[in-house]
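**Student:** Predicted structure and sequence below. I'll ask about it afterward.
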Amino acid sequence: MALLESVKIPLGTKMPVFTLNDPTGKSYSGQDLMGERGLLVVFTCNHCPYANALWPRLVHLGQYARGMRVGAVAINPNINPDFPDDAPEKMVSKIAELKIPFPYLVDADQSVARAFRAQCTPDVYLFDKDQALVYHGRVDDNWKDEDAVTREELKEAMNNMAAGLPIAAKQYPSMGCSIKWKA
């Protein structure tokens, strides 16, 4: 497990165009997933301890986003034979186990992760209704212990975006396991 942080991407960067399938073969495009006010995109996986610590919070934030008319999607770029826990059939189990209320998509060729410049799982992006990046950072200030969280930075960014208020310019990077890039 190699620990990495997300790379700095300029705010205002346009969301890359993408279309991916969920593990059952249903196709989704980024445009289809956009909510009236924007889209939350999270690159994540099944096996990373950082991702697993945040999955329950992401499920909650996905539901919260829907209530704010913001779409949500999780994308698994770790489709790599060396990491069988991240295989699409295991994603089906994860969806059922956590009752994930938004699409969890398969980035089999890792092209979408590359287009977004994703580095780690989880790597979190929030785009506004114009598909411009407004937040790229961590979910909150304590990945390890949800009960010890004192600042919910992603939720604050979603609230401000929905209310038309400025989003904090100081954004702390996500951190997690490196994406398991294919050779």
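**Tutor:** Everything's here; your move.
**Student:** Look up how far residue 56 lies from residue 23.
**Tutor:** According to CB to CB, to the nearest Å, residue 23 stands 20 Å off from residue 56. Yep, even glycine has a C-beta here, placed from its N, CA and C like the rest.
**Student:** let me fix that: residue 31
**Tutor:** 28 Å.
**Student:** Equivalent analysis for residue 24, please.
**Tutor:** From residue 24 to residue 56 the distance is 23 Å (CB to CB).
**Student:** The worst-scoring helix or strand of the chain on mean pLDDT: partners in the sheet, and parallel or antiparallel?
**Tutor:** Of all helical and strand segments in the chain, the minimum by mean pLDDT, DSSP states H and E falls on strand 3-5, at a mean of 85. Here strand 3-5 has these sheet partners by DSSP bridges: strand 175-178 (antiparallel).
**Student:** Give the other helices and strands that the longest helix along the chain contacts.
**Tutor:** When the chain is scanned for its longest helix (criterion: DSSP state H), the result is helix 49-67. Helices and strands touching helix 49-67, as assessed by 3 or more CB pairs under 8 Å, 6 or more residues apart in numbering; DSSP states H and E, comprise strand 38-43, strand 70-76, helix 88-98, strand 120-121, helix 153-163, strand 175-178.
**Student:** Comparing these, which comes out most buried?
**Tutor:** Most buried of the helices and strands packed on helix 49-67, by mean neighbour count (mean count of other CB atoms under 10 Å): strand 120-121, with a mean of 28.
**Student:** Quick check: closest non-adjacent residue to residue 34.
**Tutor:** residue 71 (5.3 Å; CB to CB, 6 or more residues apart in numbering).
**Student:** OK, contacts around the residue nearest the centre of the chain?
**Tutor:** Nearest to the geometric centre of the chain sits residue 42, at 0.6 Å (CA atoms, centre = their mean). Counting by CB atoms under 8 Å, 6 or more residues apart in numbering, residue 42 touches 58, 72, 73, 74, 75, 122, 123, 124, 125.
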